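Return a 3D structure for these sequence lines:
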Amino acid sequence: MSEGTFLAAEIKTQPDDWLRVLDVLPSVAMDLPQPGERVAVLGCGTSLFVAQAYAALRESAGEGITDAWPASEHQLGRGYDRVLCITRSGTTTEVLDVLKQRRDSAPTTVITADATSPAVSMARPVVLSDVDERSVVQTRFATTTLALLRAALGHDLRPVAEQARQVLDRGVDATSPAATADQITFLGRGWTVGLAHEAALKLRETTQLWTESYPAMEYRHGPLSITGAGRVVWALGEVPVGLADQVRATGGHFEWSEVDPLADLVRVQQLCLLRAGAAGLDADQPRNLSRSVILDG
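As a prediction, this is how the structure comes out:
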């Protein structure tokens, strides 16, 4: 496993990171979406998947209409009471373009890890500087942002953090089906659809593995055709009735854990370290990627 990487160190801090947001929340609560507001949540890449997870959680909690958009494909013209942007670096071009356009519009909040970034001066900032990362690959900033937003919805993070600690203590079995699979499909339902997309992205980034992700009920509408021996279907959260048996009938392996899906995402992150190390890849610096996408013009 790539234990000497920045990524490995950053993955390990997450349980403590999630609990620290309980102290942060009172001071930033009024800058986060309020009950009844119509909210758009924007991000790119991992931040988009956090936005998707939060949007599903907020709506299901009855807090108000909540849409998640890629910053480059937003539909803010529909009208929202608040816009929430998520950007680790605070320098992503697509997000900054939105913030420039929103300066005189409805309240806009940005969650970032860098207090010196341009995004901070363009919106109401929520700065999570303790969870910034040296690895290009995002882990703790994204999960801590989601932990903060879950706490704002009244979720108890203490058992989630404890489950994540247990996941970290157990580590990853190098002989497990997921450790040797030539293809993995991640599935989610409701808020965990965003986590499924994030899990697939993490493995693509760090290991160059063929991964896919879908809402769990969509799996039987086509993706089932690629499952077979040597391949894994990994469900995060709720599993539709009969799905596990259908996966096994193809010869594929069905992976699921009863822990909170955010803690289960830590298992995926550990798998990334294991497989990147086995493949001789730099888990901190995936090919063709940089910390922030900054576009010319």
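
Report the buried residues of the helix or strand of the chain with the lowest mean pLDDT.
When each helix and strand of the chain is scored by mean pLDDT, DSSP states H and E, helix 93-101 comes last, with a mean of 92. For helix 93-101, the neighbour count (16 or more other C-beta atoms under 10 Å) marks 93-96, 98-99 as buried. Yep, even glycine has a C-beta here, placed from its N, CA and C like the rest.

What count of nearby residues applies to Trp256?
Neighbour count for Trp256, taken as other C-beta atoms under 10 Å: 17.

Run through the residues that contact the closest residue to it other than its chain neighbours.
Closest residue to Trp256 in three dimensions, ignoring its sequence neighbours and counting by C-beta to C-beta, 6 or more residues apart in numbering: Ala235, at 4.8 Å. Contacts for Ala235 (C-beta atoms under 8 Å, 6 or more residues apart in numbering) come out as 186-188, 216, 243-244, 254-256.

Could you report the neighbour count for Ser129?
When neighbours are counted by other C-beta under 10 Å, Ser129 comes out with 11.

wait, Leu295
As a burial measure, Leu295 scores 10 neighbours (other C-beta under 10 Å).

would you say it is within a strand?
No - the assignment for Leu295 (DSSP: H, G, I helix; E, B strand; the rest coil) gives coil, which keeps it out of a strand.

Spatially nearest residue to it (excluding sequence neighbours)?
Using C-beta to C-beta, 6+ apart, the closest residue to Leu295 is Thr93 (4.2 Å).

how much space between the one you found and Arg158?
For Thr93, the distance to Arg158 equals 38 Å [C-beta to C-beta, to the nearest Å].

quick revisit: need the contact partners of the least confident helix or strand of the chain.
Contacts for helix 93-101 (C-beta under 8 Å, 6+ apart): 42-44, 70-72, 74, 76, 83, 85, 87, 108, 110, 118-119, 122-123, 293-295.

Now, of these, which are buried?
For those, a burial check counting by 16+ other C-beta under 10 Å picks out 42-44, 71-72, 74, 76, 83, 85, 87, 108, 110, 119, 122-123.

right, and out of these, which lies closest to Gly230?
Gly230 lies nearest to Cys44 out of those, by C-beta to C-beta, at 32.8 Å.

how near is the residue nearest to Leu295 to Leu48?
For Thr93, the distance to Leu48 (C-beta to C-beta) stands at 14 Å.

now the helices: where do they sit in the stretch 51-200 of the chain?
Along the stretch 51-200 of the chain, the segments classed as helices by DSSP state H, counting those that start in this stretch run 93-101, 140-152, 158-170, 177-180, 192-207.

Now do the second one and helix 158-170, the angle between them.
So that's helix 140-152. 150 degrees (axes from the mean of the first three to the mean of the last three C-alpha atoms, to 10 degrees).

again with the last one
Here helix 192-207 runs at 30 degrees with respect to helix 158-170, directions being taken by the same axes, to 10 degrees.

what are the C-alpha coordinates of helix 192-207, in PDB please?
Extracted C-alpha coordinates of helix 192-207, given in PDB (Å, rounded to 0.1, in the frame of the first residue of the first chain):
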ATOM      1  CA  THR A 192     -25.300   7.700  -2.100                       C
ATOM      2  CA  VAL A 193     -25.500   8.000  -5.900                       C
ATOM      3  CA  GLY A 194     -23.100  10.900  -5.500                       C
ATOM      4  CA  LEU A 195     -20.900   8.800  -3.300                       C
ATOM      5  CA  ALA A 196     -20.900   6.000  -6.000                       C
ATOM      6  CA  HIS A 197     -19.800   8.500  -8.600                       C
ATOM      7  CA  GLU A 198     -17.000   9.700  -6.200                       C
ATOM      8  CA  ALA A 199     -15.900   6.100  -5.500                       C
ATOM      9  CA  ALA A 200     -15.600   5.300  -9.100                       C
ATOM     10  CA  LEU A 201     -13.700   8.600  -9.800                       C
ATOM     11  CA  LYS A 202     -11.200   7.900  -7.000                       C
ATOM     12  CA  LEU A 203     -10.200   4.500  -8.400                       C
ATOM     13  CA  ARG A 204     -10.000   5.900 -12.000                       C
ATOM     14  CA  GLU A 205      -7.700   8.800 -10.800                       C
ATOM     15  CA  THR A 206      -5.400   6.800  -8.600                       C
ATOM     16  CA  THR A 207      -5.200   3.400 -10.300                       C
END
